[in-house]
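Mind folding the following:
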Amino acid sequence: WPGGNFVSGYDWKDGVGPRDQRPPRKNPAWKGIEHNDVGIDEFMVFCRRLDAEPYIALNTGLGSSESARQEVEYCNGSVDTPMGKWRAQNGHPKPYNVTWWAVGNEMYGNWQLGNVPLEQYVKRHNDFVETLRTVDPQANYVGVGEVGRWSEQMLTHCADYMNHISEHFYNEDNKDLRYHINQIPNNVKRIADAHRRYRQRIDALKGKDIKVALDEWNYWYGPNLYGELGVRYYMRDALGIAAGLHEYFRNSDIYIMANYAQTVNVIGCIKTTKTDAAFETTALPLMLYRNHYGAIPIEISGNSDPLDVVAAWTEERKAITVGLINPTENDLALTVDWKDVILKGSADLWCIKNQDPMAYNEPGKEPQVSIETRELKNISDTLIIPALSINLYRLPVK
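Next comes the predicted model:
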């Protein structure tokens, strides 16, 4: 919150106070008007209702370090501070204790308001964080990254002024099915590999563990059917998102967070009309893995290509979860050697599939793509994986 490019022209104080007295503004980055009905206090209420950790982007474009300092104080300061007192006057006496702050957004881009040369921006970043730490030295401050010279120089000159560094990527349409799906995991791996190299080469990173916050990633293509940037997603996109999750799991030593962008309508995994809402195909693997995939990675050996396989123990180590993606248009068999693992009882299988790679879900209509659940009485050493499918097994072990 309050958004990506939008934040570089946003004054957070416009969204504070009585809602009917807040000034409407021209959206500084996109089309239309920002009415400021959802400000920082409303966002916090939203996060608490979702039991979600807030992640706030600070304006390092046209904003100032003092304004950002006041914003952090508004969120985290006691009622004895000027901004904490203002928050209390607005009905929220208890500090929000926000721990995650994005220090700017995509400031490497000439499309970004307040964009300056890299040599100037590293100084701006350090000034912001130095100022912010006078209010909250314990928070996580995430610097702006972009693989290449930008990330290298940010890590070289700002390593003492960031806890983590962000990266973004979006992928477009490609008519080749396998290529379209693989775009997402290939980018996840590309960025992880680059940051491993930075850790070896950049002296300022010695003794530090600056992980990557990949806080924007998705497909972005097609007509705007649900308002500005309200593009439709298909079964092939769901396969790519799941494959991206698999690659994150393989690189969890590098990634601290991975935030699919975005939620509703705007390249969103939920689409709405005035009367209905529906989960996009891309929402399904996000929900499935979030709810059922394990927490402790398991190393896998052997060649499973073209199947994409990952595995993890559940947190209590009472079951193994196995994710399997078949990106081809044919059913495939996979032979598994369970080694010393002894499976017990029945297993659970969740499956997302549709033989049409262009199948999609639409508000107000029966979904073409959904999560199917099955209980399996026996698991053999050979698994049959349906064409164009995402499969998650939960296997209890002795």
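
separation between residue 65 and residue 365?
In this view, residue 65 and residue 365 are 49 Å apart by Cβ to Cβ, to the nearest Å. C-beta here means a position set from N, CA and C on the backbone, and glycine is covered the same way.

Look at those two and report which has more neighbours.
residue 65 (19 against 10; other Cβ atoms under 10 Å).

who's in contact with that one?
Residue 65 makes contact with 127-128, 130-132, according to Cβ atoms under 8 Å, 6 or more residues apart in numbering.

Name the residues that touch stretch 281-290?
Under the criterion Cβ under 8 Å, 6+ apart, residues 218-219, 233-235, 237-238, 241-242, 245, 260, 269-270, 279, 323, 350, 352, 359-361, 369-371, 390, 392 lie in contact with stretch 281-290.

how close does residue 102 get to residue 203?
Taken as Cβ to Cβ, the span from residue 102 to residue 203 is 26 Å.

what's the answer for residue 134, then?
Distance of residue 134 to residue 203, given as Cβ to Cβ: 27 Å.

More neighbours: which of the two?
Neighbours around residue 134 and residue 203, counted as other Cβ under 10 Å, are more numerous at residue 134. The numbers are 10 against 7.

Quick check: chain neighbours aside, which residue is closest to that one?
Using Cβ to Cβ, 6 or more residues apart in numbering and skipping residues adjacent in sequence, the residue nearest residue 134 is residue 69, 6.8 Å away.

Tell me if that neighbour really is in a strand.
No: counting by DSSP: H, G, I helix; E, B strand; the rest coil, residue 69 falls outside a strand, being helix.

what residues are up against the closest residue to residue 97 other than its chain neighbours?
The shortest distance from residue 97 to any non-neighbouring residue, by Cβ to Cβ, 6+ apart, is to residue 76 (5.9 Å). For residue 76, the contact set (Cβ under 8 Å, 6+ apart) comprises 95-98, 135-136, 139.

ok, and the most crowded of these?
In the contacts of residue 76, the most neighbours by other Cβ under 10 Å go to residue 98, 22 neighbours.

Am I right that it is in a helix?
No: the assignment for residue 98 (three-state DSSP) gives coil, which keeps it out of a helix.

Show the contacting residues for the spatially closest residue to it that is not a sequence neighbour.
Of all residues not flanking residue 98 in the chain, residue 75 sits nearest, at 4.5 Å (Cβ to Cβ, 6+ apart). Contacts for residue 75 were tallied using Cβ under 8 Å, 6+ apart; they are 40, 44, 56, 87, 95-98.

Just the ones in helices from the contacts of stretch 281-290, please.
235, 237-238, 241-242, 245 (DSSP state H).

Among those residues, find me the one that's closest to residue 398.
Of all those, residue 245 has the smallest distance to residue 398: 28.3 Å, by Cβ to Cβ.

With adjacent residues omitted, what lies nearest to that closest one?
Nearest one to residue 245, counting by Cβ to Cβ, 6+ apart, is residue 289 at 5.2 Å.

Neighbours of that neighbour, how many?
Neighbour count of residue 289, defined by other Cβ under 10 Å: 23.

How about residue 47?
Neighbour count of residue 47, defined by other Cβ under 10 Å: 17.

cool, and the one 4 residues further on?
Residue crowding around residue 51 was assessed by other Cβ under 10 Å; the count is 6.

cool, and residue 225?
Residues within reach of residue 225, counting by other Cβ under 10 Å, total 12.

separation between it and residue 231?
Residue 225 sits 7 Å away from residue 231, going by Cβ to Cβ.

swap in residue 141?
According to Cβ to Cβ, residue 141 and residue 231 sit 32 Å apart.

got it, and residue 224?
From residue 224 to residue 231 the distance is 6 Å (Cβ to Cβ).

and if you look at residue 65?
Distance from residue 65 to residue 231, counting by Cβ to Cβ: 36 Å.

quick one: residue 8 and residue 62 touch, right?
Yes: if you go by Cβ atoms under 8 Å, residue 8 and residue 62 touch, sitting 6.1 Å apart.

hang on, the earlier thing: that's a helix at the residue nearest to residue 98, yeah?
Yes: per three-state DSSP, residue 75 lies within a helix segment.

got the contacts of residue 65 as TSV, with secondary structure and distance to residue 114 columns?
Output for the contacts of residue 65, formatted as TSV (DSSP: H, G, I helix; E, B strand; the rest coil; distance: Cβ to Cβ, whole Å):
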residue	secondary structure	distance to residue 114
127	helix	14
128	helix	12
130	helix	19
131	helix	16
132	helix	17
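
got a list of what the residue lying closest to residue 277 once chain neighbours are set aside touches?
Leaving aside its chain neighbours, residue 277 sits nearest to residue 363 (5.5 Å; criterion: Cβ to Cβ, 6+ apart). Contact analysis of residue 363 by Cβ under 8 Å, 6+ apart lists 271-273, 275-278.

If we use 6 Å, what do you get?
Going by Cβ atoms under 6 Å, 6 or more residues apart in numbering, residue 363 touches 271, 273, 276-278.

wait, residue 35 sits on residue 23?
No: in this structure, residue 35 is not within contact of residue 23 by Cβ atoms under 6 Å, at 9.2 Å.

Between these two, which is the more surrounded one?
More crowded of residue 35 and residue 23, by other Cβ under 10 Å: residue 35, with 14 against 11.

Which pLDDT value goes with the closest residue to the more buried one other than its chain neighbours?
Excluding the flanking residues, the one nearest residue 35 by Cβ to Cβ, 6+ apart is residue 24, at 4.9 Å. Per-residue pLDDT puts residue 24 at 97.

Am I right that residue 24 is in contact with residue 33?
Yes: when contacts are counted by Cβ under 6 Å, residue 24 is listed as touching residue 33 (5.3 Å).

Distance of the residue nearest to residue 245 relative to residue 375?
Separation of residue 289 from residue 375 (Cβ to Cβ) stands at 19 Å.
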